[in-house]
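Asks: structure, please.
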Amino acid sequence: MAVTYRKVSTNDGGGLSERARGQSPEDESAPDTSSNAVRSQSERIADKLHALAWVVVAYGISSYTHLFHTVLTDERILRPILHASIVLFSINIVLTIYLTVYLPFKFPVTSTHKTPASSPAFWEVYCPRVIPTMTAFGVIGSFLLVRACYPVWGFLTPFILGVVALGMFFSLHFIPWC
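Replies: Residues are numbered from 1 along each chain as shown. A predicted model of the protein is given here:
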């Protein structure tokens, strides 16, 4: 089964194609990869199947290990470290709501504010330290969660929690966005 990859767009020449800039393209028959190119239905289905596979594997692992029951009730879990991890993840959730819900309401797109407040370009100007803070809290929270659960599953803990986290992230593929 041959896998074909799309050519990554390097369109930084002011909207000019490679031929117009005097460069020869590597493949004349490559599909259009501009930012407004529409993905084919088979690519969208492949993405959904890939996401579904991660969700199914995450569900299987969490069921087999009784993940949620174990984290909530097992005495071997290091509770203070687990609580610190939960606090850091909660701060990340609050900051995400701040960036995606509160800022767009406070700064709607008007003649004064032309950049949407829900865009990273706006965040870099208005609140440049939020994304690095969220990244640090996410990494530290992940390490603390692994450490809190390590007495239960041992060296398999990062694998179990990583697969479940990826399954949770990929489950967002199934939220209809209109």
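Asks: Ser85 and Cys149, how far apart?
Replies: Ser85 sits 9 Å away from Cys149, going by Cβ to Cβ, to the nearest Å. C-beta coordinates here come from the backbone N, C-alpha and C atoms, glycine included.
Asks: what about those two, which has more around it?
Replies: The neighbour comparison of Ser85 against Cys149 (other Cβ atoms under 10 Å) goes to Cys149, with 26 against 22.
Asks: what's the helix or strand containing that one in contact with?
Replies: Secondary structure from DSSP states H and E places Cys149 in helix 130-153. The set of residues external to helix 130-153 that reach it, using Cβ atoms under 8 Å, 6 or more residues apart in numbering, is 65, 70-71, 74, 76-79, 81-82, 84-85, 88-89, 91-92, 95-96, 98-99, 120, 123, 157-158, 160-161, 165.
Asks: buried set for the helix or strand where Ile45 lies?
Replies: Assigned by DSSP H and E, Ile45 belongs to helix 41-65. By neighbour count on 16 or more other Cβ atoms under 10 Å, the buried set for helix 41-65 is Ala51, Trp54, Val55, Ala58, Ile61, Ser62, Thr65.
Asks: which residues does the fifth one contact?
Replies: Taking Cβ under 8 Å, 6+ apart as the criterion, Ile61 is in contact with Leu67, Ile160, Val163, Val164, Gly167.
Asks: what number of residues lie near the second one?
Replies: When you say that, I think you mean Ile160. For Ile160, the tally of surrounding residues (other Cβ under 10 Å) stands at 20.
Asks: helix, strand or coil for it?
Replies: Secondary structure for Ile160, judged by DSSP: H, G, I helix; E, B strand; the rest coil, is helix.
Asks: no further questions, thank you.
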